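S.K.: Below: sequence and its predicted model.
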Amino acid sequence: MTQTTTDIEPTPGPAGIGIKSAGHVIVDSLVAHGVQRAHVVPGESFLDVLDGLHDSTIETIVCRHEGGATYMAEADGKMNQLPGIAMVTRGPGAANAHVGLHTAWQDSTPMVLFVGLIPFAHRDREAFQEFDIKAWFDTGAKRVMVLDHAERASEIVAEAMFAAMSGRPGPVVIGLPEDVIRQQIPAELHPPIPVATGGMTTVDSAALAQALSASSKPLFVTGGNDWTQDGASQLTGWLEKHHIPAAAEWRTEGTVPFDSPSYVGPIGYGRPRPTYDLLEETDLLVFVGTVPGDVITDGFLCRQDWKKKNFLVTIDPSLRGRSGPVSYQIVAKPDVFVRDLIRIDLPVRDEWRNWTAKMRREQEDFAALPPATPSAGQARMDTLMANLVPTLPADAIVTLGAGEHTNWAHRYFPTQRYASMLSARNGSMGYSVPSAVAASLAYPGRRVVTIAGDGEFLMNGQELATAAQYGATPLVVVMDNQEYGTIRTHQERHYPDRVSGTQLKNPEFALMAQAFGGFGIKVEHDGDIPAAIEAALTAIDEDRRFALIHLVVEQRIKAY
């Protein structure tokens with residue numbers, strides 16, 4: 001009889017080392033790396049890993065769609081220093097997971113996606129749900145590995161965690177053949193692999209100090225997902241001390257707090273005009289944790305003059321995704337760069353004070369809340385934000401997907417901490433609800449708000465069932481303007497007066513929320529907004545359940 005992988009006798013381990021299945025060893029390895037939760041859509045292909053999770057300290061979050069699971073894992077990777085973990089099954093499950101993987105790739109988020117595979121012995125026979133995992137994922141992941149040798153289970157987990165965090169962070173995929181993970185192996189665990197963080201050399205420090213000293217209008221731009229709160233706070237203190245301004249990469253607000261005198265606003269699609277002008281007007285740009293890609297440079301148009309001076313601080317030596325001039329690169333993760341930056345003490349120049357104060361005044365005018373008193377007409381997002389923002393604690397988190405509805409958060413939400421804005425910088429719709437669930441589970445004591453469009457909400461709104469199952473308590477605001485608003489805006493620009501393929505007929509979102517076990521309220525009149533907010537927050541704080549406000553607004557009303 002032909003020997004299969006399941007017939008192989010387990011190899012005895014070193015003295016004192018027990019024997020476990022490879023699937024259980026994978027779980028033990030994740031625990032050893034400090035993983036707290038795994039976002040799962042179960043499949044028969046990785047039952048042994050699910051069995052290992054049964055008695056582990058890892059919380060298993062059972063999701064309702066693989067896209068929701070990978071979005072939750074991606075959000076977890078944004079909020080924490082460790083990669084977010086998702087687990088899905090072969091074929092259709094893996095296909096559904098691809099949207100979260102692409103988000104992690106373009107957003108540089110550490111994530112590890114485990115994919116159950118067909119048995120090793122069935123490979124290349126077009127078995128049920130078979131697919132080529134490397135062909136599918138190789139171009140959108142940092143590494144794609146398959147556990148073909150059970151005894152390497154812990155090693156591959158360690159390699160995947162390392163690869164996801166090292167250099168420019170990103171997603172890693174591990175394929176798990178269902179027969180291989182059942183094999184019994186020595187339970188010895190591979191230790192975590194340390195990640196190099198780089199740092200400024202004395203030459204780097206001197207070059208940056210010289211460039212700053214020669215600059216009349218310096219500007220820092222913060223971005224990426226590779227910060228800690230300590231690093232963000234230290235950078236903010238140094239900027240404020242030197243009266244130097246900082247802008248935020250699109251959808252990463254909060255690294256320098258919203259109320260900091262050095263914070264001058266977001267840069268990205270739909271940016272307010274003053275921060276767009278900043279990129280051309282500044283004589284020294286220092287990007288920390290990100291690079292000047294197409295979103296920041298408005299499609300590789302802004303800041304392209306090779307005579308411009310740009311310092312790029314990134315651990316990625318390939319500078320993948322950047323455009324325009326590169327005057328100097330400092331190879332460092334943000335925190336270690338800031339550790340060295342704060343040792344640079346320069347005399348404050350009057351030009352810096354005036355430059356920063358001017359841009360700060362423009363940001364304060366831009367972010368000033370609209371009147372809180374409701375109008376007599378249809379519900380407005382301006383009124384909702386004016387009444388919601390004053391209720392928010394300093395550590396509130398906002399999550400966003402993609403669409404014009406997100407601009408109300410960019411303009412008004414008081415992001416005061418690193419990772420207080422979670423969004424999909426690849427413009428992926430459907431991110432808002434899963435990321436809000438992930439944030440609420442990770443930080444149950446914090447206020448989590450998600451602002452979703454009506455089109456976006458229905459892409460992953462079913463994850464409210466996950467919120468109810470695990471006690472997540474986000475406030476979900478669904479802005480219902482009965483259209484795909486961003487696409488309609490482009491349509492009006494290029495095909496005026498020819499509305500096609502962008503209009504929507506929506507369900508009763510508040511009733512959906514109630515059906516999922518949360519609080520739901522529909523608001524059509526502006527005057528009803530204050531009471532709706534109060535009722536929703538009461539449901540969250542007293543009943544400990546999520547709440548949804550279905551806000552029916554006029555079409556073509558924009559945040560800016």
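M.R.: Everything's here; your move. Numbers count the residues shown, from 1 in each chain.
S.K.: Residue 179 and residue 334, how far apart?
M.R.: Between residue 179 and residue 334 the distance is 43 Å, computed by CB to CB, to the nearest Å. Placement of C-beta: from N, CA and C, glycine included.
S.K.: When the two are compared, which one has more neighbours?
M.R.: Neighbours were counted for residue 179 and for residue 334 using other CB atoms under 10 Å; residue 334 has more, 27 against 20.
S.K.: And for the residue nearest to that one when sequence neighbours are not counted, the neighbour number?
M.R.: Closest residue to residue 334 apart from its sequence neighbours, by CB to CB, 6 or more residues apart in numbering: residue 289 at 4.3 Å. Residues within reach of residue 289, counting by other CB under 10 Å, total 29.
S.K.: so what's residue 289 up against?
M.R.: Going by CB atoms under 8 Å, 6 or more residues apart in numbering, residue 289 touches 222-224, 226-227, 255, 313-314, 333-334.
S.K.: can I get these in a markdown table with secondary structure and pLDDT?
M.R.: Conversion of the contacts of residue 289 to a markdown table gives the following (DSSP: H, G, I helix; E, B strand; the rest coil; pLDDT from 0 to 100):
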| residue | secondary structure | pLDDT |
| --- | --- | --- |
| 222 | strand | 98 |
| 223 | coil | 96 |
| 224 | coil | 93 |
| 226 | coil | 93 |
| 227 | coil | 96 |
| 255 | coil | 97 |
| 313 | strand | 98 |
| 314 | coil | 96 |
| 333 | coil | 97 |
| 334 | helix | 97 |
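S.K.: which ones are touching the nearest residue to residue 198 once chain neighbours are set aside?
M.R.: Of all residues not flanking residue 198 in the chain, residue 332 sits nearest, at 3.8 Å (CB to CB, 6+ apart). Contacts for residue 332 (CB under 8 Å, 6+ apart) come out as 197-200, 313-315, 340.
S.K.: can you do 6 Å?
M.R.: With contact taken as CB atoms under 6 Å, 6 or more residues apart in numbering, residue 332 is in contact with 198-199, 313.
S.K.: Surely residue 163 touches residue 142?
M.R.: Yes - under the criterion of CB atoms under 6 Å, residue 163 is in contact with residue 142, at a separation of 5.2 Å.
S.K.: State the distance from residue 344 to residue 213.
M.R.: In this structure, residue 344 and residue 213 are 10 Å apart, going by CB to CB.
S.K.: now residue 394
M.R.: Relative to residue 213, residue 394 is positioned 35 Å away (criterion: CB to CB).
S.K.: next one: residue 64
M.R.: To residue 213, residue 64 is 56 Å away according to CB to CB.
S.K.: of those two, who's got more company?
M.R.: The residue with more neighbours, out of residue 64 and residue 213, is residue 64; 17 against 12, by other CB under 10 Å.
S.K.: what kind of secondary structure is that one in?
M.R.: Three states are possible here, and by DSSP: H, G, I helix; E, B strand; the rest coil the one that applies to residue 64 is coil.
S.K.: and what of residue 294?
M.R.: Classified using three-state DSSP, residue 294 is coil.
S.K.: before we move on, what SS does the closest residue to residue 341 other than its chain neighbours have?
M.R.: Among residues not flanking residue 341 along the chain, residue 238 sits closest, at 6.0 Å (CB to CB, 6+ apart). Recorded secondary structure, residue 238: helix (three-state DSSP).
S.K.: Surely residue 238 touches residue 342?
M.R.: Yes - counting by CB under 6 Å, residue 238 touches residue 342, with 5.0 Å between them.
S.K.: So which of those two has more stuff around it?
M.R.: Comparing residue 238 with residue 342 by neighbour count (other CB under 10 Å), the higher total belongs to residue 238, at 18 against 13.
S.K.: Quickly note the distance from the more buried one to residue 333.
M.R.: Residue 238 sits 17 Å away from residue 333, going by CB to CB.
S.K.: still on that earlier bit, look up the residues that both of residue 163 and residue 142 are in contact with.
M.R.: With CB under 6 Å, 6+ apart, residue 163 and residue 142 have common neighbours residue 172.
S.K.: Could you list the low-confidence segments of the stretch 351-500 of the chain?
M.R.: Residues of the stretch 351-500 of the chain meeting the criterion pLDDT under 70: none.
S.K.: which residues in it form strands?
M.R.: Assignment of strands within the stretch 351-500 of the chain using DSSP state E, counting those that start in this stretch yields the ranges 397-400, 421-422, 448-453, 475-480.
S.K.: Tell me, what's the model's pLDDT at the closest residue to residue 340 other than its chain neighbours?
M.R.: Here the nearest residue to residue 340 in space, its sequence neighbours aside, is residue 200; by CB to CB, 6+ apart that works out to 3.9 Å. We note a pLDDT of 95 for residue 200 in this prediction.
S.K.: sec struct for residue 200, please.
M.R.: Classification of residue 200 into helix, strand or coil gives coil, according to three-state DSSP.
S.K.: now swap in residue 152 and tell me
M.R.: helix.
S.K.: That one: how many residues sit nearby?
M.R.: Applying other CB under 10 Å, we find 18 other residues in the vicinity of residue 152.
S.K.: ditto for residue 189
M.R.: Using other CB under 10 Å, residue 189 has 18 other residues around it.
S.K.: pLDDT score assigned to it?
M.R.: According to the model's per-residue confidence, residue 189 sits at a pLDDT of 97.
S.K.: Once you drop chain neighbours, what's closest to it?
M.R.: Distances taken as CB to CB, 6+ apart place residue 154 nearest to residue 189, at 4.8 Å, with adjacent residues excluded.
S.K.: and the one you found, how many neighbours?
M.R.: 22.
S.K.: repeat for the one 4 residues further on
M.R.: A total of 19 residues lie near residue 158 under the criterion other CB under 10 Å.
S.K.: again, but for residue 146
M.R.: When neighbours are defined as other CB under 10 Å, residue 146 has 18 of them.
S.K.: Report the secondary structure element holding the nearest residue to it once chain neighbours are set aside.
M.R.: Leaving out its chain neighbours, the residue that sits closest to residue 146 by CB to CB, 6+ apart is residue 175, at 3.9 Å. Secondary-structure element containing residue 175, defined by DSSP states H and E: strand 171-177.
S.K.: circling back to that earlier point, so who does the residue nearest to residue 146 touch?
M.R.: Contact analysis of residue 175 by CB under 6 Å, 6+ apart lists 115, 117, 133, 146.
S.K.: now do residue 207
M.R.: Contacts of residue 207 were listed using CB under 6 Å, 6+ apart, and they are residue 328.
S.K.: Would you verify that it is located in a helix?
M.R.: Yes - residue assignment for residue 207, taken from three-state DSSP, places it within a helix.
S.K.: distance of it from residue 286?
M.R.: Counting by CB to CB - residue 207 and residue 286 are separated by 11 Å.
S.K.: again with residue 80
M.R.: In this structure, residue 80 and residue 286 are 26 Å apart, going by CB to CB.
S.K.: is residue 248 in a bridge, and if so with what?
M.R.: Beta-bridge partners of residue 248, counted by DSSP bridges, are residue 222, residue 266.
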